[in-house]
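> got a predicted model here, sequence first, then my questions.
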Amino acid sequence: MVEEYVREQRAWLGQLYPKHGDVLPPTERNLDPQSPQWHIVQTFQDLLESGIGGEEAAQRLADVILPSKDTETLYDNLWGCFFNAVESFSDFQTLTTLSDLLASLASPPNAVNDEVIEQETIRPDHSIVATSPGHNQHPWHDLSLLSINITERMQGPETYLCYNEPPKLAARKWKNMNAFLAILIRDHATISPTLFGGRIWHAFDTLAMALEHPPKSRLGRNMILHLPAACAWICLARDTVWEAVEVGQEGRYWTASAGQLWPDRDGTNVVDERRWAFWKWRLEDVREDSRIDSELADMLLQASKLM
């Protein structure tokens, strides 16, 4: 599995950063082994094969990215490899390893790439009169582009279906993303309450998408693709999710867009104990749906008992 993952990362990056002198068609190009992208992939390979731990992997990635004049591109390459790994590996041990890596990446408090840039001095009439050197600082612990990469992938399994992924693969990738976030927030929310802890709202969105839509609606038709991800939040991080329901956010309730079935019971977007009880009931109720196989039924039963 790791070999296949590494091969796929070198393939897509090879189209963008081919070996010098490589005149092959884009789909056949080889990734330049001297490129920083090669070292990013190699770090993931060593991590996934248990050759190194999260802290060492984080340091190696920082050593590749921070000295660069083009950190944004390398961040983009990093997150591509990272989330491809999240979507590819379903076992909780690997997802825990990846969450530990992300926590290690977010830990250094003062690592900054200080890139020299040209700044233009402009007169009031908008004419340019001079240029002077400036600095563009990239704080490593803020993990540039992380938030947008998570948000883009947390739109439901329908996103994967739009890329012509088979339904089973779309469901697996969606579950993996949610399981990863559940582990990350459960284990590492205190490292960065804003960057990690605040992402708990994805749990409420995922539960609402899976459990609040009637069978003939767009999301309801895909219910069996949504349910494993909803169960992952409860089975992996039930106490963390429930604490967020109880405590709320800065003195207010968390909110999540309600599907039709919840407003039908006088529910609102507020995430409170009533809505939690409704989700528990729905986990039990949907087990009777003819589309639910025995494996998913057992998963639903486990999640409902934990609630």
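Received, thanks. Small disclaimer: the values here were computed from a predicted structure and weren't measured. Numbers count the residues shown, from 1 in each chain.

> now Val270, nearest residue through space, not along the chain?
Spatial nearest neighbour of Val270, excluding adjacent residues (C-beta to C-beta, 6 or more residues apart in numbering): Tyr253 at 4.6 Å. (Each C-beta comes from the backbone N, C-alpha and C, glycine too.)

> the one you found and Asp272: what is the separation?
6 Å (C-beta to C-beta, to the nearest Å).

> what does Thr97 give?
35 Å.

> who has more neighbours out of these two?
Counted by other C-beta atoms under 10 Å, Thr97 and Asp272 do not tie: Thr97 has more neighbours, with 19 against 15.

> picking that back up, so what's the residue nearest to Val270 up against?
Contact partners of Tyr253, counting by C-beta atoms under 8 Å, 6 or more residues apart in numbering, are Val270, Val271, Asp272.

> report pLDDT for it.
Tyr253 is assigned a pLDDT of 97 by the prediction.

> kindly report the same for Thr43.
Here, the pLDDT recorded for Thr43 equals 98.

> could you count how many residues lie near it?
23.

> now do Glu288
Around Glu288 there are 8 other residues, counting by other C-beta under 10 Å.

> what of Phe89?
19.

> ok, now Gly251?
For Gly251, the count of nearby residues is 6 (other C-beta under 10 Å).

> just Thr190 next, same as before
Around Thr190 there are 10 residues (other C-beta under 10 Å).

> pretty sure it sits in a strand.
No - according to DSSP: H, G, I helix; E, B strand; the rest coil, the state of Thr190 is coil, so it is not within a strand.

> got any ranges where the protein has weak pLDDT?
Applying pLDDT under 70 to the chain flags residues 21-28, 108-141.

> which of the three states applies to the residue nearest to the spatial centre of it?
For the chain, the residue nearest the mean C-alpha position is Ile150 (3.9 Å; C-alpha atoms, centre = their mean). With three-state DSSP as the basis, Ile150 sits in helix.

> and stretch 235-249, what's buried?
Buried residues in stretch 235-249, counted by 16 or more other C-beta atoms under 10 Å: Cys235, Leu236, Ala237, Arg238, Thr240, Val241, Trp242, Ala244, Val245.

> wait, which of those residues is closest to Gln15?
The nearest member of these to Gln15, counting by C-beta to C-beta, is Leu236 at 35.4 Å.

> phi first, then psi, for the closest residue to the closest one other than its chain neighbours.
Leaving aside its sequence neighbours, Leu236 sits nearest to Ala182 (C-beta to C-beta, 6+ apart; 4.2 Å). Ala182 adopts backbone torsions of phi -60, psi -40, taken as degrees, to the nearest 10.
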